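Trainee: Fold the following.
(2 chains)
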2 protein chains.
Amino acid sequence: MNADSNVTGAALAAIAHMPTASLPVLMDDGFARRLSDADLMRIAVLLAQKSLDEGGCPIGAVIIDNDTRRIVGKGHNTLVQENHPYNHGETSAMRDAGRLDFGRTTLFTSLSPCQVCATLLYMRGVSRVVVGDVTNASGTETLLREKGVGVEILEDPRGIELYARFRAGNPELDLEDWKGVSASRQQ
Amino acid sequence: MNADSNVTGAALAAIAHMPTASLPVLMDDGFARRLSDADLMRIAVLLAQKSLDEGGCPIGAVIIDNDTRRIVGKGHNTLVQENHPYNHGETSAMRDAGRLDFGRTTLFTSLSPCQVCATLLYMRGVSRVVVGDVTNASGTETLLREKGVGVEILEDPRGIELYARFRAGNPELDLEDWKGVSASRQQ
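Mentor: Numbering: from 1, shown residues only, chains lettered A, B, ... in the order given. I've put the predicted structure just below:
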């Protein structure tokens, strides 16, 4: 896809599913520059949908370089898929990005960060965090701002609807994903 | 190894290197019960040594079940080895343990937890954290106690010497491991 291509839903889905290192095969730098913040949030939501399709929690995240707007990392929650007790969208995308200078990046997350991810985001110096859903949020947006991270809310209605349906149908999984088995057993 | 075996340094090294799921092949439940807190801290330090031998940061962690004292997870830092921007001893051991009720476990770490790991430890309800080295620590022991986690300091002189030597020889790697590339570039 190049700068003349339309940014269609199918194009965003292909970007969500393609391994990050292979993205240059799919799209050139001009196309990357055309992706709006709303497009990048939609990619995070499409990663959330991918996780749900795998039987997991529907939360995704995308990291871009602030200057080139190239996608440098992306991923989704893998609590169920990998029996992984803390891999959220943000940790998954940062692990995909590797040892970057996160001070030059923006992270888009389909759901408000938990306390662990918020701490990781400011400790690694992420410059900006864009949040797609603050329903039932734990208030980490305030913590991030206090620590000097730019925070924007950019609601994605499809992502909000996706997570609301998951939360309503899977309250124990939602709680375990946030606070672990220990909390869900105390319910 | 059974309850009559001596808990030698060689035995602890074998435990450190054996995959967690395979430990029952190496040691029976009676032997697990004979491992003292100091032995378990030594295993965490032997995992730190394994990481250093691989070219990585020497920090390790071990998680046991409080009732059986079986080892349920262990690991070490993989910043260098896996190009992993946040995998510390604690995250590595918890990822190895999987979706457990961490409220029934104790985590032994060779080095004082960073803010991210401390947040993860209390969010997942870990009941007790034993710390082997609080030199230059960031004070997360106080945070953990405030959040209801039991904290003990059990210094391991070999672990303290191992990390002090690493920190002196690799100050940039020590800083990156704690606060990311962003912080080490600002030095």
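Trainee: For residue A:107, give me its contacts.
Mentor: Neighbouring residues of residue A:107 by CB atoms under 8 Å, 6 or more residues apart in numbering or on different chains: A:61, A:62, A:63, A:90, A:93, A:94, A:121, A:126, A:128, A:129, A:130. (Each C-beta comes from the backbone N, C-alpha and C, glycine too.)
Trainee: Contacts only, for residue A:5.
Mentor: A:11, A:27, A:31.
Trainee: Now name the helix or strand holding it.
Mentor: When elements are assigned from DSSP states H and E, residue A:5 belongs to no helix and no strand.
Trainee: so is the residue most central in space within chain A in a helix, a strand, or just coil?
Mentor: The centroid of chain A falls nearest to residue A:61 when counting by CA atoms, centre = their mean (1.3 Å). Secondary structure state of residue A:61, per DSSP: H, G, I helix; E, B strand; the rest coil, is strand.
Trainee: which residue sits closest to it, ignoring its sequence neighbours?
Mentor: Closest residue to residue A:61 apart from its sequence neighbours, by CB to CB, 6 or more residues apart in numbering or on different chains: residue A:89 at 3.5 Å.
Trainee: Tell me the buried residues in stretch A:109-128?
Mentor: A:109-128 (16 or more other CB atoms under 10 Å in any protein chain shown).
Trainee: Relative to residue A:118, how far out is residue A:14?
Mentor: 30 Å (CB to CB, to the nearest Å).
Trainee: Provide a list of residues in contact with residue A:32.
Mentor: Neighbour list for residue A:32: A:68, A:69, A:70, A:71 [criterion: CB under 8 Å, 6+ apart].
Trainee: Buried ones only from those residues, please, as a ChimeraX command.
Mentor: In ChimeraX, a selection of the buried entries from the contacts of residue A:32 looks like this (16+ other CB under 10 Å):
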select /A:69,70,71
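Trainee: Could you check which helix or strand contains residue A:44?
Mentor: With DSSP H and E as the criterion, residue A:44 is inside helix A:37-53.
Trainee: Please determine whether that helix lies in contact with chain B.
Mentor: No: contact of helix A:37-53 with chain B (CB under 8 Å from any CB of the partner chain) is absent, the minimum separation being 15.6 Å.
Trainee: Okay, buried residues for the helix or strand of chain A with the lowest mean pLDDT please.
Mentor: Ranked by mean pLDDT, DSSP states H and E, the weakest helix or strand in chain A is helix A:171-185, scoring a mean of 92. For helix A:171-185, a neighbour-count test (16+ other CB under 10 Å) marks A:173, A:174, A:175, A:176, A:177, A:178, A:179, A:180, A:181, A:182, A:183, A:184 as buried.
Trainee: Now do the host helix or strand of residue A:163: which elements does it pack against?
Mentor: Using DSSP H and E, residue A:163 falls within helix A:157-169. When contacts are defined as 3 or more CB pairs under 8 Å, 6 or more residues apart in numbering or on different chains; DSSP states H and E, helix A:157-169 sits against helix A:37-53, helix A:171-185.
Trainee: relative to helix A:37-53, how tilted is it?
Mentor: Interaxial angle, helix A:157-169 versus helix A:37-53 (axes from the mean of the first three to the mean of the last three CA atoms, to 10 degrees): 30 degrees.
Trainee: hang on, the earlier thing: let me see the residues that make contact with the least confident helix or strand of chain A.
Mentor: In this structure, residues lying in contact with helix A:171-185 by CB under 8 Å, 6+ apart are A:57, A:59, A:77, A:79-80, A:85, A:88, A:114, A:138, A:166-167, A:187, B:99-104, B:123-125.
Trainee: and chain A, which of its residues are near chain B?
Mentor: So far as CB under 8 Å from any CB goes, chain A lies against chain B at A:79, A:83-87, A:91, A:94-95, A:97-104, A:114-116, A:119-120, A:123-125, A:176, A:178-183, A:185.
Trainee: Inside helices: which ones of those residues?
Mentor: Within those, residues falling in helices by DSSP state H are A:91, A:94-95, A:97, A:115-116, A:119-120, A:123, A:176, A:178-183, A:185.
Trainee: re earlier: let me know the average pLDDT across the helix holding residue A:163.
Mentor: For helix A:157-169, mean pLDDT rounds to 97.
Trainee: Kindly report the same for stretch A:37-51.
Mentor: On average, stretch A:37-51 scores 98.
Trainee: contact partners of that stretch?
Mentor: Here stretch A:37-51 has contacts from A:7, A:9, A:12-13, A:15-17, A:35, A:57-62, A:64, A:71, A:74-78, A:81, A:89, A:108-111, A:130, A:132, A:152, A:154, A:156, A:158-159, A:162-163, using CB under 8 Å, 6+ apart.
Trainee: Kindly report the same for stretch A:145-155.
Mentor: A:37-38, A:41, A:108, A:121-122, A:126-134, A:141, A:144.
Trainee: Narrow those residues to just the buried residues.
Mentor: A:41, A:108, A:121-122, A:126-133, A:141, A:144.
Trainee: which residues sit in contact with residue A:28?
Mentor: By CB under 8 Å, 6+ apart, the neighbours of residue A:28 are A:1, A:2, A:3.
Trainee: which ones among those are found in helices?
Mentor: Per DSSP H, those never map to helices.
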